[in-house]
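Asker: Generate a structure from the sequence data that follows.
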Amino acid sequence: MKSYLPLLGLIIFLNSCAQPNPIALDFLPPSESQAVIKSLTGSVFVLRSEQWIPMEAGSLIGAPDILRVTEGAECEVQIGMKITVLIGSNSLVSWPELRNDPDKTLVKTDLIAGSLAINSVGITEKDSIFLSTGNTRVRIKESQFSASKKGETTRVNLKKGDLQILSPQGDLVLSQSGGALILEGQTPVPLAYEKTDEALVQRMESTEFTDWSQVKVVKFTLKTNPTDAQIFFSGRMLARGTYSSLIKVGSSMEYTVSKPGFSSQSITVNSQVNETIQVDLLPAPLESGVGEILPGDDSLATLESELTKERTRLQQLDKERFDLAGQLEDAAIQTKNLEILLDKSKKDKLALEEEMKKSESQRKAQADALNENLRRSEAQRKNLSDALSAKMKELQQTLDDNQ
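Answerer: Next comes the predicted model:
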């Protein structure tokens, strides 16, 4: 019996390779302390262990992650089955606390900078859900609202539901279609509803909560050429250039890609596995009537002449760009050489200063030795002089005695 086990394992392996797994292989359902990046467009990163890690649809985040949404990007995060957060361009958001227990949801979202929209459903009195903008906290109940923060100023716009703004300087309750201005260190000021970040709220309204433990999902990515073409779903714009999302296996999704001057294209997606689709738009054909080139019309010759001029201009620009690149490269080389020479000069200067210090020490030592020799010579001369004087006195005394 044991001899058949390797063969059985091989058959199972080949069968698994032959039929693609409909579940995204890189997606794991979130734990009670994790949230899911449901969709994104552009570049989104998470700070972990002092490193910015790129995110994608299906990535899991939790406390104390810091999410950075770059210029032109957006990111949709689902927290349990009660909260959806749509984060706008140029934003920093973190989650110091995130817990989805069966009987209680505990979530604290910090808006560090930028903008976001939140949709919360099924909130109970046991739940503790807050948005923090510094020292001020916004207690979230069942509601739809947006918030944008710049520096020490935060603007909150409530479209639906109720919010309670808690500040050390005083509290404020917002009802449906109300707004508030939050200045750090001051009492929140009630304002009329303003359509700030209205696009975020509208996109958030159409999102659906997904029970990750009950459905199979795959990751779908749509890319466009040109890279700034708009991507639409159900008549609303999702993104420009690229859009990535988790979708249910077998669900039919229709997207439209368009850009002025190009023919729009619609595609229907029914993904069974992780899939990336690129849509290449073609230039739109010339419309009849105004601008139409007729036989015998000199417009064609004029157009060709203009195109030739444009090509010549572009070629000249390319040449200038190439020359400029060469000049920049030469300048970089010269700068590097100058840095090398400067570094060598610094080292030579230090060596010379050190040598001068040594020479000065040697000169001082030699001067001290010479002075010492002179002092000794002077002492010897004095001793000899004194001895000579004494000897002469002695001889004189002898002469005097002999006389």
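Asker: can you count the residues close to R321?
Answerer: Residues contacting R321 under the criterion other Cβ atoms under 10 Å number 10. For the C-beta atoms, the positions are set from N, CA and C on the backbone; glycine is no exception.
Asker: any weak-confidence spans in the chain?
Answerer: 1-27, 195-207, 286-301, 304, 322, 325-326, 329-330, 332-333, 336-337 (pLDDT under 70).
Asker: What residue spans form the domains of it?
Answerer: 23-205, 217-280, 331-396 (automatic domain parsing).
Asker: got those domains as TSV, with distance to D318 and mean neighbour count columns?
Answerer: Putting the domains of the chain into TSV (distance: least, Cβ to Cβ, whole Å; neighbours: other Cβ atoms under 10 Å) gives the following:
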stretch	distance to D318	mean neighbour count
domain 23-205	27	18
domain 217-280	20	16
domain 331-396	20	10
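Asker: Could you dump these into a markdown table with distance to E320 added?
Answerer: Formatted as a markdown table, the domains of the chain follow (distance: least, Cβ to Cβ, whole Å):
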| stretch | distance to E320 |
| --- | --- |
| domain 23-205 | 28 |
| domain 217-280 | 25 |
| domain 331-396 | 16 |
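Asker: contacting residues around the residue nearest to A35 when sequence neighbours are not counted?
Answerer: Excluding the flanking residues, the one nearest A35 by Cβ to Cβ, 6 or more residues apart in numbering is I79, at 4.4 Å. By Cβ atoms under 8 Å, 6 or more residues apart in numbering, the contact set of I79 is A35, V85, L98, N100, T105, V107.
Asker: For the first one, give the beta-bridge partners.
Answerer: Meaning A35. A35 forms beta bridges with I61, as assigned by DSSP bridges.
Asker: Would you quantify the distance from it to P29?
Answerer: A35 sits 12 Å away from P29 when distances are taken as Cβ to Cβ, to the nearest Å.
Asker: Give the intersection of the neighbour lists for these two.
Answerer: By Cβ under 8 Å, 6+ apart, no residue touches both A35 and P29.
Asker: re the thing from before, which of the contacts of I79 fall in strands?
Answerer: A35, V85, L98, N100, T105, V107 (DSSP state E).
Asker: any chance of those residues in JSON lines, with distance to G114 too?
Answerer: JSON lines is the format used below for these (distance: Cβ to Cβ, whole Å):
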{"residue": "A35", "distance to G114": "18"}
{"residue": "V85", "distance to G114": "12"}
{"residue": "L98", "distance to G114": "19"}
{"residue": "N100", "distance to G114": "24"}
{"residue": "T105", "distance to G114": "24"}
{"residue": "V107", "distance to G114": "18"}
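Asker: ok, so of the contacts of I79, who is nearest T256?
Answerer: V85 (26.1 Å; Cβ to Cβ).
Asker: quick one: contacts for that closest one?
Answerer: Contacts of V85 by Cβ under 8 Å, 6+ apart are E76, V77, I79, V93, T109, L116, A117, I118.
Asker: same question, T187
Answerer: The contact partners of T187, by Cβ under 8 Å, 6+ apart, come to S167, Q169, G170, L172.
Asker: residues contacting the closest residue to E97 other than its chain neighbours?
Answerer: Sequence neighbours aside, K108 is the residue nearest to E97 in space, at 4.1 Å (criterion: Cβ to Cβ, 6+ apart). Applying Cβ under 8 Å, 6+ apart, we find K108 in contact with W95, P96, E97, L98, I129, F130, S132.
Asker: Show me what the helix or strand containing the second one is packed against.
Answerer: Translated: P96. Assigned by DSSP states H and E, P96 belongs to strand 91-100. With contacts taken as 3 or more Cβ pairs under 8 Å, 6 or more residues apart in numbering; DSSP states H and E, strand 91-100 sits against strand 34-41, strand 60-62, strand 66-69, strand 105-120.
Asker: Can you say which of those is nearest to S359?
Answerer: Closest among these, using Cβ to Cβ: strand 66-69, at 58.9 Å.
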